[in-house]
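Visitor: Next come a sequence and a model predicted from it.
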Amino acid sequence: MSLTTSPILEAVGLSKTYPSANQQLQVLQDISFSIQPGETVSVVGPSGSGKTTLLGLCAGLDRASSGYVALNGIRLQDQSEDALAGIRNKYIGFVFQNFQLLPTLTALENVMVPMELKKEKDIRSRALELLDQVGLASRSHHYPSQLSGGEQQRVSIARAFANQPKILFADEPTGNLDAETSEKVESLLFNLNKAAGTTLVMVTHDLELAAKTGRIIKLKGGKLVSDESNREVVTS
């Protein structure tokens, strides 16, 4: 007898249009898929295919024109902005291409922010532990401007795992890094994700990076054109 689990993320008939001059610009059209807990999924496709828009809808950062997203069983379309903020802090971690660190806070303080929002205790020790896991405990009191791009991305990864998210969204996480630094950040991201048992949904134009995930969703012209398991990763 096999046990079934509910999807951690489900997109149903998802479309997104934006007003443009005298017409509507359709960025996404009728996208449907579901992702199970613990999966690693890449979203790939040419520039302008709607990858980042899709990620924003799935994370509750934007609202669909039609269709809906359910995250951990919660329909995001039905939630107020305050409720969406609470859902993101409770269930979601983010890693962005441009790091999105707060420039006036130290590395340690940046990692502490999600935990402060959840009003957790002993957050300093937890933040230091996460910085240590990404190899930056000795740089905890440095500000983002004092860190290299690779170091800033490692801080953002530590911050992403600070609230022990059920799902991690990564938007071009190595897009601003050189090849050597990218490889180190990729390893760190996958190793931390595996250890935490977090679901990973990553937008990337890097097909070598995408090949490291267990599933690849391809968009083209705002439509889902393929959704395939990466057997080498799934079975390894």
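Guide: That came through fine. Residues are numbered from 1 along each chain as shown.
Visitor: When you work out contacts or count neighbours from here on, use the C-alpha atoms and nothing else.
Guide: Fine.
Visitor: does residue 35 really touch residue 12, like I thought?
Guide: No: counting by Cα atoms under 8 Å, residue 35 stays clear of residue 12, with 11.8 Å between them.
Visitor: mean confidence score for stretch 112-126?
Guide: Stretch 112-126 carries an average pLDDT of 89.
Visitor: follow-up on the earlier one: which one of residue 35 and residue 12 is surrounded by more residues?
Guide: Higher neighbour count among residue 35 and residue 12: residue 35, with 19 against 15, using other Cα atoms under 10 Å.
Visitor: Across the sheet, point out what pairs with that one.
Guide: The partner list for residue 35 in beta bridges (DSSP bridges) reads residue 9.
Visitor: Now for the residue sitting nearest the centre point of the chain: which residues touch it?
Guide: Nearest residue to the geometric centre of the chain (Cα atoms, centre = their mean): residue 169, 0.8 Å. Residue 169 sits next to 55, 59, 92, 93, 94, 95, 200, 201, 202 when contact means Cα atoms under 8 Å, 6 or more residues apart in numbering.
Visitor: try residue 107
Guide: Contacts of residue 107 (Cα under 8 Å, 6+ apart): 139, 140, 141, 142, 143, 144, 155.
Visitor: now the residue nearest to the centre of the chain, which residues is it bridged with?
Guide: Under the criterion used (DSSP bridges), residue 169 bridges to residue 94, residue 201.
Visitor: ok, residue 47 - how many residues close by?
Guide: When counting by other Cα under 10 Å, one arrives at 12 neighbours for residue 47.
Visitor: Check residue 221 too.
Guide: Quick note: residue 221 (other Cα under 10 Å) scores 17 neighbours.
Visitor: Pull out the buried residues from stretch 55-65.
Guide: Using 16 or more other Cα atoms under 10 Å as the burial criterion, the residues of stretch 55-65 that qualify are 55, 56, 57, 58, 59, 60, 62, 63, 64.
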